[in-house]
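Student: quick one, what's the 3D model for this:
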Amino acid sequence: MKTQGKEADKQINPDTNKEMQEEMVGILTAISIVSKRLANRLLKNMERKEPENEQNQTCTGRGC
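Tutor: Numbering: from 1, shown residues only. Sure, this is the predicted structure:
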């Protein structure tokens with residue numbers, strides 16, 4: 001049976017811990033890049049749809 005908590009952390013090889021941290025940094029960096037790309041695509045799609053929405057809306061407010 002594996003020990004849990006702080007005892008388990010002490011048993012991990014320091015090299016393994018460093019490797020795990022480096023892998024996590026790589027994964028988080030990749031997630032960040034993908035998130036930024038998706039956000040940019042979403043903004044572009046929203047900007048494309050805005051002119052369409054403005055043309056399709058009927059004037060219902062004041063000053064029309």
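Student: neighbours around Thr29, how many?
Tutor: Burial of Thr29 is recorded as 10 neighbouring residues (other C-beta atoms under 10 Å). Where C-beta positions appear, they are placed from N, C-alpha and C, glycine not excepted.
Student: against Lys44, how distant is it?
Tutor: Thr29 sits 23 Å away from Lys44, going by C-beta to C-beta, to the nearest Å.
Student: list the buried ones in stretch 32-52?
Tutor: Buried residues in stretch 32-52, counted by 16 or more other C-beta atoms under 10 Å: none are found.
Student: extract the CA atoms of it and return them as PDB.
Tutor: Provided in PDB are the C-alpha atoms of stretch 32-52 (Å, rounded to 0.1, in the frame of the first residue of the first chain):
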ATOM      1  CA  SER A  32      -1.900  28.700 -22.900                       C
ATOM      2  CA  ILE A  33      -1.000  28.800 -26.600                       C
ATOM      3  CA  VAL A  34      -4.100  26.900 -27.700                       C
ATOM      4  CA  SER A  35      -6.300  29.200 -25.400                       C
ATOM      5  CA  LYS A  36      -4.900  32.300 -27.000                       C
ATOM      6  CA  ARG A  37      -5.500  31.000 -30.500                       C
ATOM      7  CA  LEU A  38      -9.000  30.000 -29.700                       C
ATOM      8  CA  ALA A  39      -9.700  33.500 -28.200                       C
ATOM      9  CA  ASN A  40      -8.300  35.200 -31.300                       C
ATOM     10  CA  ARG A  41     -10.500  33.000 -33.500                       C
ATOM     11  CA  LEU A  42     -13.500  33.800 -31.400                       C
ATOM     12  CA  LEU A  43     -12.900  37.500 -31.600                       C
ATOM     13  CA  LYS A  44     -12.500  37.300 -35.400                       C
ATOM     14  CA  ASN A  45     -15.700  35.400 -35.700                       C
ATOM     15  CA  MET A  46     -17.600  37.900 -33.500                       C
ATOM     16  CA  GLU A  47     -16.200  40.800 -35.600                       C
ATOM     17  CA  ARG A  48     -17.400  39.200 -38.800                       C
ATOM     18  CA  LYS A  49     -20.800  38.600 -37.400                       C
ATOM     19  CA  GLU A  50     -21.300  42.200 -36.000                       C
ATOM     20  CA  PRO A  51     -21.800  43.900 -39.400                       C
ATOM     21  CA  GLU A  52     -24.300  41.200 -40.400                       C
END
